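Q: I need the structure of the sequence given here:
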Amino acid sequence: MRVLLHYDREHEEPGLDIVSCSEQDDARFAALLPDTDVLWHVLRPVTAADMDSAPKLKLIQKLGTGVNTIDLDAAAERGIAVANMPGRNAQAVAETSLLLMLAALRRVVPFDARTRRGEGWPADRSLVGGELAGRTVGLLGGGEIATLLRGMLEAIGANVLYTTRRPRPEDPAWRRLDDLLRASDIVSVHIPLTDETRHLLDAGRLALLPEGAIVVNTARGAVIDEAALVAALASGRLGGAGLDVFEKEPVDAGDPLLALDTVVVMPHVAWLTRETWDRYFAVAAENCRRLARGDGLLHRVV
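A: Numbering: from 1, shown residues only. All right, here's what the predicted structure looks like:
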């Protein structure tokens, strides 16, 4: 079985013929597709045209959770199965969300720049940081990542609220979205990108946050209206942001978010740990074995 790992990383599994290809090497990707039985997909979108170039393709295995980068309708029309692996990156993403909160609160970006310039002390009066303990953190989502993060935050001493699509009135920490935003010193996004969640945090909802609030996003960039976020940060109404994802990826060097020293950024790598890769490959290899045997796939989406 020929497996195409669409990422710049080598991996071996007994019984599988695995070839790798950087997501930036479109020519090699196109050359490998015709002989591919299974595509291990990370982030570069998989289109209908890609599928048409892969007549042997039987499975698109998402290495991660979000399948918004796969044309699911095209896959269904062509009889190509699609599977993901929810929860396998949860620990890494939860830890990164915590990291971004702390980095924004403690003004890591300007302090890093000052230190590299040899300026050091005395620190500018505007660069006094804050602590998570005692603050209210609102989580958009109630899945595994949000649940892990909630435990971390509560251990630090933060007050944690969360919202989900389905009401959970039996849990005193649950709030409706707008009520959660009004109460949150920090809001952290942990929901998938769908038609309903695109620009869920628009100018109106960002305005509900208390003055000086911080926004963290390790889910999908388009859940937040970035133009509205830039305006709220540039005006000083919001205190900062920690972003691992953007509406357009890779983010352009000229993006106005990158010019703000209240914003700490990463390039969609919240999931990227050695431990996550180990969990990804375990599920991906198992689904290849199941495919070969004709058994049901783990976490099949299409």
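Q: which residues of the stretch 201-302 of the chain fall in helices?
A: 203-206, 226-234, 274-293 (DSSP state H, counting those that start in this stretch).
Q: mean neighbour count, these: which tops it?
A: helix 226-234 (a mean of 18; mean count of other Cβ atoms under 10 Å). From N, CA and C alone the C-beta is placed, and that goes for glycine too.
Q: verify the stated contact: residue 22 with residue 9.
A: No - judged on Cβ atoms under 8 Å, residue 22 makes no contact with residue 9 at a distance of 9.1 Å.
Q: give me the common contacts of the two.
A: Counting by Cβ atoms under 8 Å, 6 or more residues apart in numbering, residue 22 and residue 9 have no contacts in common.
Q: ok, the residue nearest to residue 176 when sequence neighbours are not counted - contacts?
A: Spatial nearest neighbour of residue 176, chain neighbours left out: residue 163 (6.4 Å); criterion: Cβ to Cβ, 6 or more residues apart in numbering. Residues counted as contacts of residue 163 (Cβ under 8 Å, 6+ apart) are 138, 139, 140, 141, 142, 174, 175, 176, 177, 180.
Q: residue 124: which of the helices of the stretch 201-302 of the chain is closest?
A: helix 226-234 (18.0 Å; Cβ to Cβ).
Q: chain center to that closest one: distance?
A: In terms of Cα atoms, centre = their mean, to the nearest Å, the centre of helix 226-234 is set 20 Å apart from its chain centre.
Q: contacts for it?
A: In contact with helix 226-234 (Cβ under 8 Å, 6+ apart) are residues 201-203, 206-207, 215, 238, 240-241, 246-247, 255-257, 260, 262-263.
Q: just the buried ones from these?
A: 201, 206, 215, 238, 240-241, 246-247, 255, 257, 260, 262-263 (16 or more other Cβ atoms under 10 Å).
Q: between those residues, which is nearest residue 121?
A: Out of those, the member with the shortest distance to residue 121 (by Cβ to Cβ) is residue 262, at 21.2 Å.
Q: quick one, what contacts the closest one?
A: 104, 107, 109, 233, 238, 239, 240, 241.
Q: tabulate these (JSON lines), appending distance to residue 15 and pLDDT.
A: Putting the contacts of residue 262 into JSON lines (distance: Cβ to Cβ, whole Å; pLDDT from 0 to 100) gives the following:
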{"residue": "104", "distance to residue 15": "46", "pLDDT": "98"}
{"residue": "107", "distance to residue 15": "51", "pLDDT": "96"}
{"residue": "109", "distance to residue 15": "47", "pLDDT": "97"}
{"residue": "233", "distance to residue 15": "51", "pLDDT": "98"}
{"residue": "238", "distance to residue 15": "52", "pLDDT": "98"}
{"residue": "239", "distance to residue 15": "52", "pLDDT": "98"}
{"residue": "240", "distance to residue 15": "49", "pLDDT": "98"}
{"residue": "241", "distance to residue 15": "45", "pLDDT": "98"}
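Q: of those, closest to residue 75?
A: Nearest member of these to residue 75, counting by Cβ to Cβ, is residue 241, at 34.1 Å.
Q: quick one: residues contacting that closest one.
A: Residue 241 makes contacts with 104, 214, 215, 216, 217, 229, 233, 257, 260, 262, 263, 264, as judged by Cβ under 8 Å, 6+ apart.
Q: what's the closest of the residues you listed to residue 148?
A: residue 216 (14.4 Å).
Q: related to what we said a few turns ago, list buried residues within the contacts of residue 163.
A: Looks like those have 138, 139, 140, 141, 142, 174, 175, 177, 180 buried, using 16+ other Cβ under 10 Å.
Q: reformat the contacts of residue 163 as TSV; add secondary structure and pLDDT.
A: As requested, the contacts of residue 163 are exported to TSV (DSSP: H, G, I helix; E, B strand; the rest coil; pLDDT from 0 to 100):
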residue	secondary structure	pLDDT
138	strand	98
139	strand	98
140	strand	98
141	coil	98
142	coil	96
174	strand	98
175	coil	98
176	coil	97
177	helix	98
180	helix	98
